[in-house]
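Student: got a sequence here, can you build the structure:
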Amino acid sequence: MRDWKAVSAVVGMCVVFVSAAVSGAGAACKLCDPFLRCVDSTPGAKICVEGPASCTMVLPCFGGGGRVPDSPEEYLTTWTLFDADAAGPSSIGADVGPLAVGEELRRGPGAPRGPLADAALAHGREFALVLSDAMGGGFALRRTVEGAYVRLEVREVSGDQPGRVLADALLAGQDRLSVSVRVAGRDRVLVLQSAAVHAAGLGPELARLRGSLRAAARRLPERGEPLLRVRAL
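Tutor: I've put the predicted structure just below:
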């Protein structure tokens, strides 16, 4: 595992984590704007995560040689946490529908039933992130591209360090992965989707997903800080 040195700064509700090393592929540079949305910017970050009340940038992305070229597609990943009665096996819902986050996931058979605990929208082609709670628990998420598919690997996190693999799934654009994780001392169901959205349809898609994040914010319990901290793996 690579060792990363992280530097953090807080500006209002915008939390920024920047790694000291730059490597690998990613999407165009992103920046958290005053409305806690990820927007195109140079310089910025390779990975940007929008939550209901926070925005996190990971890995620096500069103009010139360090900047990854723009793409006609935006690479999006959504994840949502629901409270669960008990841990269960991971599962894949095939061709269940377009990207969804938060309460949108209540629709259809097999939808999560527990209270909403967290939700996020990530911008980035390939990444490896640790999402940990105040006690050092949570999950790690790795996204890689394999042809027309996306591979999502989820690992257990304890003491802020990734451990055993909870799920390793190859997904098409409308597939959905559900994984049992433990966050903040409770069993949760983590629901993930990932897709490439062409620039021509990106505006409406982002508007819909951000509307879902705003709706999620109204259902989540009030917190002094985000449930999960994000850092590069």
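Student: what residues are bridge-paired with the closest residue to residue 146 other than its chain neighbours?
Tutor: Leaving aside its sequence neighbours, residue 146 sits nearest to residue 170 (CB to CB, 6 or more residues apart in numbering; 6.5 Å). In short, each C-beta sits where N, CA and C put it, glycine included. In this entry, residue 170 is beta-bridged to residue 151, by DSSP bridges.
Student: okay, residue 170: pLDDT?
Tutor: Residue 170 is assigned 97 on the pLDDT scale.
Student: what sits against it?
Tutor: 146, 149-151 (CB atoms under 8 Å, 6 or more residues apart in numbering).
Student: buried only: go through those for me.
Tutor: For the contacts of residue 170, a neighbour count by 16 or more other CB atoms under 10 Å gives the buried set as residue 150.
Student: give me the below-cutoff pLDDT ranges for this protein.
Tutor: When residues are selected by pLDDT under 70, those of the chain lie in 1-27, 63-71, 108-109.
Student: the nearest residue to residue 83 once chain neighbours are set aside: what's it in contact with?
Tutor: Leaving aside its sequence neighbours, residue 83 sits nearest to residue 114 (CB to CB, 6+ apart; 3.7 Å). Residue 114 sits next to 82-85, 188-189 when contact means CB under 8 Å, 6+ apart.
Student: got a ChimeraX select line for the buried ones in those?
Tutor: Buried residues among the contacts of residue 114 (16+ other CB under 10 Å), as a ChimeraX selection:
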select :82,84,188,189
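Student: want to throw the contacts of residue 114 into TSV with secondary structure?
Tutor: TSV is the format used below for these (DSSP: H, G, I helix; E, B strand; the rest coil):
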residue	secondary structure
82	strand
83	strand
84	coil
85	coil
188	strand
189	strand
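Student: nearest to residue 208 among the contacts of residue 114?
Tutor: Closest approach to residue 208 among the contacts of residue 114 (CB to CB): residue 82, at 20.1 Å.
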